[in-house]
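In: With the input below, show me the fold.
(2 chains)
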Amino acid sequence: EPEVTQTPSHQVTQMGQEVILRCVPISNHLYFYWYRQILGQKVEFLVSFYNNEISEKSEIFDDQFSVERPDGSNFTLKIRSTKLEDSAMYFCASGMAREKLFFGSGTQLSVL
Amino acid sequence: QKEVEQDPGPLSVPEGAIVSLNCTYSNSAFQYFMWYRQYSRKGPELLMYTYSSGNKEDGRFTAQVDKSSKYISLFIRDSQPSDSATYLCATTNTGNQFYFGTGTSLTVIP
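Out: Next comes the predicted model:
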């Protein structure tokens, strides 16, 4: 069964460093998303991406964040200068229809 | 504003019991309603989705939406130990931003 693949599963970084979280969505899916979940809190929307552009972003998704779909298969989330409060589990999701999303297993980001 | 409210539990039931999980939401514009299951340190897994009011059944799972009271439910019949997980409700109007509940932790005791 196809699945959304995320790498790395764990990422430890120093505050102020740049990180890139990588995702391979399910082939033929059209809609792509990044969500995050701080330990013990709700899953929070970051950004949605369709037709090679951002369709919606949340207040969390400020200028430190960017997304790319560089080669038609990968979907990346870049955090330019990480802060302590960026520590969270980051989930990539994709779907053929926007209401039916499939999530990856996540990347646990720890900012020290 | 809390778009979606969900009792975090924890909820503990004996095997074979009927489980009822519930959420309320605030925005009447929400049209799509989803239930996800999340195991520890894993991504949410889509269980059910419904559009607007009504019931939808899939095996042992039934999703119910009452838009008049802004209330969504998931029923699990003949619960199994493998159903032990955190259950998240979610909703959206545009399909871009999903609003998730906090999740209800369920344990089914053999």
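In: Give the bridge partners for residue A:90, please.
Out: Residue A:90 has these beta-bridge partners by DSSP bridges: residue A:36, residue A:107.
In: Go ahead and confirm it touches residue A:109.
Out: Yes. The pair residue A:90 / residue A:109 is scored as a contact, 5.9 Å apart, by CB atoms under 8 Å. C-betas here are computed from N, CA, C, even on glycine.
In: which residues are common contacts for these two?
Out: Residues touching both residue A:90 and residue A:109 by CB atoms under 8 Å, 6 or more residues apart in numbering or on different chains: residue A:21.
In: burial count for residue A:44?
Out: Other residues within reach of residue A:44, judged by other CB atoms under 10 Å in any protein chain shown, total 19.
In: Could you do residue A:112 as well?
Out: Using other CB under 10 Å, residue A:112 has 10 other residues around it.
In: Excluding residues flanking it in the chain, which one is nearest the residue of chain B found nearest chain A?
Out: For chain B and chain A, the shortest gap (CB to the nearest CB) falls at residue B:95, measuring 2.9 Å. Distance criterion CB to CB, 6 or more residues apart in numbering or on different chains; nearest residue to residue B:95, sequence neighbours excluded, is residue A:98 at 2.9 Å.
In: Name all residues that make contact with the one you found.
Out: Shown in contact with residue A:98 (CB under 8 Å, 6+ apart): A:31, A:48, B:32, B:92, B:94, B:95, B:96.
In: and the least confident of these?
Out: The weakest per-residue confidence within the contacts of residue A:98 falls on residue B:95 (72).
In: neighbours around that residue, how many?
Out: 19.
In: swap in residue B:10?
Out: Considering only other CB under 10 Å, residue B:10 is surrounded by 10 other residues.
In: show me the contacts for it.
Out: B:104, B:105, B:106, B:107 are the contacts of residue B:10 under CB under 8 Å, 6+ apart.
In: Narrow those residues to those that are buried.
Out: Among the contacts of residue B:10, those buried by neighbour count (16 or more other CB atoms under 10 Å in any protein chain shown) are B:104, B:105, B:106.
In: List the beta-bridge partners for the second one.
Out: Per DSSP bridges, the residues bridged to residue B:105 are residue B:86.
In: what helices or strands is the helix or strand bottoming out on mean pLDDT in chain A leaning on?
Out: Least confident helix or strand, chain A: strand A:100-103 with a mean of 90, by mean pLDDT, DSSP states H and E. For strand A:100-103, the packing partners by 3 or more CB pairs under 8 Å, 6 or more residues apart in numbering or on different chains; DSSP states H and E come out as strand A:31-37, strand A:88-97, strand B:45-51.
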